[in-house]
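Engineer: whatever this is, show me its structure:
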Amino acid sequence: MTKKEVIKMVLDGKKPPYVPWDCKFTIEALEKMKAHYGEDTDIEELVDNHFIKVGQSSGFKIDIGDDKKKDIFGVIWDMKYEKDIGNVEGLVLPEPTLEGYEFPDPNDPLLYKDVEEKIAANPGKFVLYSIGFSLYERYWCLRGMENSFLDFMMYPDFCKELLHKIADFNIAVIKNVCARYPEVDGIYFGDDWGQQKGLQMGKDIWMEFIYPEVSRMYKNTKDLGKYQLIHSCGDIAEIIPELIEAGVNCINPFQPEVLNVDELIPKYRGKASFHGGLSTQKTLPYGTVEDVQKETRHLLELGKDGGYIFCPSHATEGDTPIENIVAFIEIIKAQKKAAGF
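Structural biologist: Alright, predicted model coming up:
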């Protein structure tokens, strides 16, 4: 049985032979792993992830010098301190108007760079085309965070127009991806809506402005016969039913500090799956090896009947002791081996 087949079992609401996983690491964490396992170690091969992600994480950034990059939407990212994603610098749309702004071309070759090569190099894995900063995050990257909240109240028509055009762009890209690469199994939408308690903008605003566009995007993905997995940090428990209604198959990063993992996995098993759950806020950076082992085994037990894909609740950060990283990798690989795979 391939990794792709095991992931599909989970997403289809079936009991898998073991709990699959897909774990990511920040640049600092990868450096720590290289120092531990050896500089020549292929970390992807070592971890043995079940996904291969192709496509864009936050808009395909091009290096423009001085520790800065520019993405295809025209957003400048300062990479000096936050080296994985960066910090937005300036405003592409300082005023609530699209006059003079040109959206990127959905046929831009950057959007499809190395897709075929990555798929060919990872046979048997579940293939995800990733669209990071897919709607609300793309909005505030263009307008600025403060303006984005003001726009909901002061310029609702403009806000809906811009969100609609962002969704139109994503839909065009997804149609291209599915036409060009039939091997792609699903689309991975990244869009952070949550905070430590509840939604950043509140459910009423989310339903009025965000939900209509995610529903359009998700319907497009479903109509093309693909799974859809989403990433949204924070407490999004109150909109899980709406996400399922819109067609979501799997929700990441499933933060245990703000979401009840013991309750949600069984509650939604057969309706939606969860991907994440191992605390990157507490257990991984501050816990002992025994703490990591205990939490990892608990998550695997919760997920043994399906509805769960293991990973830390975000990319593992560089402040995580290497012993803790080694601990969860060893356990997840051992349970697969014990199942005879």
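
Engineer: now for the closest residue in space to residue 61 that isn't next to it in sequence: which residues touch it?
Structural biologist: Of all residues not flanking residue 61 in the chain, residue 69 sits nearest, at 3.6 Å (Cβ to Cβ, 6 or more residues apart in numbering). No exception for glycine: its C-beta is placed from N, CA and C like everyone else's. Residue 69 makes contacts with 61-63, 76-77, 79, 86, as judged by Cβ atoms under 8 Å, 6 or more residues apart in numbering.

Engineer: now do residue 284
Structural biologist: With contacts defined as Cβ under 8 Å, 6+ apart, residue 284 is in contact with 278, 292, 312, 316-317, 320, 324-325, 328.

Engineer: still on that earlier bit, can you select the buried ones from the contacts of residue 69 in ChimeraX?
Structural biologist: In ChimeraX, this line selects whichever of the contacts of residue 69 come out buried by 16 or more other Cβ atoms under 10 Å:
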select :61,76,77,79,86
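
Engineer: among the contacts of residue 69, which one sits closest to residue 189?
Structural biologist: Closest to residue 189 out of the contacts of residue 69 is residue 61 (18.7 Å), distances taken as Cβ to Cβ.

Engineer: who does the closest one bridge with?
Structural biologist: Each beta-bridge partner of residue 61 is listed here, defined by DSSP bridges: residue 71.

Engineer: quick one: buried ones out of the contacts of residue 284?
Structural biologist: Those of the contacts of residue 284 that meet the buried threshold are 278, 292, 312, 316-317, 320, 324-325, 328, by 16+ other Cβ under 10 Å.

Engineer: restricted to helices, list these.
Structural biologist: 292, 324-325, 328 (DSSP state H).

Engineer: got TSV for those, with pLDDT and distance to residue 222 too?
Structural biologist: Formatted as TSV, those follow (pLDDT from 0 to 100; distance: Cβ to Cβ, whole Å):
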residue	pLDDT	distance to residue 222
292	98	37
324	98	38
325	98	36
328	98	33
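
Engineer: so which of those residues is the closest to residue 1?
Structural biologist: residue 328 (22.7 Å).

Engineer: doesn't residue 313 make contact with that closest one?
Structural biologist: No - counting by Cβ atoms under 8 Å, residue 313 is not a contact partner of residue 328; they are 11.8 Å apart.

Engineer: identify the contacts common to the two.
Structural biologist: residue 278.

Engineer: in the stretch 201-341 of the chain, which spans are helices?
Structural biologist: Residue ranges of the helices in the stretch 201-341 of the chain, as given by DSSP state H, counting those that start in this stretch, are 203-205, 211-223, 240-246, 261-268, 283-286, 289-302, 322-338.

Engineer: strands along the stretch 101-250 of the chain, start to end?
Structural biologist: 126-131, 186-190, 227-231, 250-252 (DSSP state E, counting those that start in this stretch).

Engineer: now residue 99: phi and psi?
Structural biologist: phi -60, psi 120 (degrees, to the nearest 10).

Engineer: what bits of the stretch 1-150 of the chain have low per-residue confidence?
Structural biologist: For the stretch 1-150 of the chain, the stretches flagged by pLDDT under 70 are 57-59.

Engineer: tell me the phi and psi of residue 83?
Structural biologist: Taking degrees, to the nearest 10 as the convention, residue 83 sits at phi -90, psi -10.

Engineer: grab the nearest non-local neighbour of residue 328.
Structural biologist: In this structure, residue 328 finds its nearest non-sequential neighbour in residue 296, 4.6 Å apart by Cβ to Cβ, 6+ apart.

Engineer: can you tell which of the helices of the stretch 201-341 of the chain is closest to residue 10?
Structural biologist: Nearest of the helices of the stretch 201-341 of the chain to residue 10, taken as Cβ to Cβ: helix 261-268 at 11.1 Å.

Engineer: what residues of the closest one count as buried?
Structural biologist: Residues of helix 261-268 classed as buried by neighbour count (16+ other Cβ under 10 Å): 261, 264-265, 268.

Engineer: cool, stretch 115-135 as well?
Structural biologist: Neighbour-count burial for stretch 115-135 [16+ other Cβ under 10 Å]: 115, 119, 122, 125-135.

Engineer: between those residues, which is nearest residue 39?
Structural biologist: Using Cβ to Cβ, the buried residues of stretch 115-135 come closest to residue 39 at residue 122, 22.3 Å.

Engineer: wait, the closest one touches residue 52, no?
Structural biologist: Yes - under the criterion of Cβ under 8 Å, residue 122 is in contact with residue 52, at a separation of 4.0 Å.

Engineer: can you list the strands of the stretch 101-250 of the chain in CSV and add distance to residue 44?
Structural biologist: CSV is the format used below for these (distance: least, Cβ to Cβ, whole Å):
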stretch, distance to residue 44
strand 126-131, 14
strand 186-190, 17
strand 227-231, 19
strand 250-252, 18
